[in-house]
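Peer 1: quick one: sequence plus predicted model below, questions after.
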Amino acid sequence: SIKEKNLKEEFRNLLEKGRAELLPIIPSPRDSGYRIRCQLHRGYAGAKEVLGFYGLKTHRVVEVGECPLLHPLALELLGAVKRWLRKEGAEVPAQGVDIQVSPDEGKGILCLRGRGNFSPASVERLHEESPRIKGIVKEGNQRTRWGERSLQYRGPGGGGQRPLELEADYASFSQVNPEQNQNLIGRVMDWADLQGTEKVLDLFCGSGNFSLPLAQRASQVWGMDQDETAIACAKENAQANHLPNCRFIASSGETGLRHLAREAGAVDLAVLDPPRAGAKECLEDLARLSPKKIIYVSCEPPTLHRDVVRLEALGYRLCKVQPLDMFPQTYHVECVAKLIKRSNAILAVR
């Protein structure tokens, strides 16, 4: 209810016009044990070496025994890392550890952050701490990998279609709450309301979280992201799921949109899920593609509000905002906004 109230205040100027509707928030299937990713830091509490999170507004490391928000599989890997560090001690040049898991696969990947070199024997001992560890990646002055660097996930099919088999690299963006992500995909698909003839753009597509279910219902889907690793996974995912109507482009938003404008001319639907900074630099180029409908997914309501105001100036009208509690026990909230092109719109670009 607090998150709904905050959103109502954030979008007050648009909601008061009476044209847009703020829908009730969709609660998370779990309010704890949902996070499949975490970033831990190594530091000292007095003379004791600890592994944990930064304290509020500091770089002081607060030791974490168990985090109630972490998925049980991530907690299992956290325990393995802590046991390994206690045994290896100061010989391990790790400044921190990132954990990412796939509940679908029952495995996880560890990323060790540090500038020194890790002994292969030491890394092998970390592998032995848990059979759930699928791979270990070392980031820093030189990159090294032991085992795999990508995880397998299961995604919902678009509009009642068959479930999808997905692969994502550990370093590429993925939603931290996989069960709520299914509700998010479901909302996007509902609002897309595809009939099988549409041309669809998925901007900031990552590994194909929205592109692939959309492709099950659309005629043609273009996915764009500047993360080349994510795009490589998206291409493999499309092939593995027999979706030849997906085309993925590794490009910045502005460059990719201008290329698409030359190739496709226009699209029927645009879906975008940008990082917290939003999509400010892409909106004019997006409007030139003249999508009849825009579905904007955001984890940062202020930048979503800013971009919606600009899209309204470019000839679109906000219809609905759907909040989802993607991050229970935090102030963060995920939103989906649906905009439609006004029939009398005149494109106004700088």
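Peer 2: Received it, and whenever you're ready, just let me know what you need.

Peer 1: average pLDDT across stretch 15-35?
Peer 2: For stretch 15-35, the mean pLDDT works out to 91.

Peer 1: pull the CA atoms of that stretch into PDB?
Peer 2: Below are the C-alpha coordinates for stretch 15-35, written out as PDB (Å, rounded to 0.1, in the frame of the first residue of the first chain):
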ATOM      1  CA  LEU A  15      -3.600  10.500 -13.200                       C
ATOM      2  CA  GLU A  16      -5.500  13.700 -12.400                       C
ATOM      3  CA  LYS A  17      -6.200  14.300 -16.100                       C
ATOM      4  CA  GLY A  18      -8.600  11.300 -15.700                       C
ATOM      5  CA  ARG A  19      -7.300   9.500 -18.800                       C
ATOM      6  CA  ALA A  20      -4.800   7.100 -17.100                       C
ATOM      7  CA  GLU A  21      -5.500   4.500 -14.400                       C
ATOM      8  CA  LEU A  22      -3.200   3.200 -11.700                       C
ATOM      9  CA  LEU A  23      -4.000  -0.500 -11.200                       C
ATOM     10  CA  PRO A  24      -3.700  -2.300  -7.800                       C
ATOM     11  CA  ILE A  25      -0.200  -3.600  -7.200                       C
ATOM     12  CA  ILE A  26       0.500  -7.300  -8.000                       C
ATOM     13  CA  PRO A  27       2.000  -8.800  -4.900                       C
ATOM     14  CA  SER A  28       5.100 -11.100  -5.100                       C
ATOM     15  CA  PRO A  29       4.400 -14.800  -4.900                       C
ATOM     16  CA  ARG A  30       7.100 -14.800  -2.100                       C
ATOM     17  CA  ASP A  31       7.900 -11.900   0.200                       C
ATOM     18  CA  SER A  32      11.200 -13.600   1.300                       C
ATOM     19  CA  GLY A  33      13.600 -16.100  -0.200                       C
ATOM     20  CA  TYR A  34      13.000 -14.700  -3.700                       C
ATOM     21  CA  ARG A  35      16.300 -13.100  -4.800                       C
END
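
Peer 1: okay, buried residues for that stretch please.
Peer 2: Across stretch 15-35, burial judged by 16 or more other C-beta atoms under 10 Å covers Leu15, Ala20, Leu22, Ile25, Ile26, Ser28, Tyr34, Arg35. Yep, even glycine has a C-beta here, placed from its N, CA and C like the rest.

Peer 1: which SS class is Ile231?
Peer 2: Classification of Ile231 by DSSP: H, G, I helix; E, B strand; the rest coil places it in helix.
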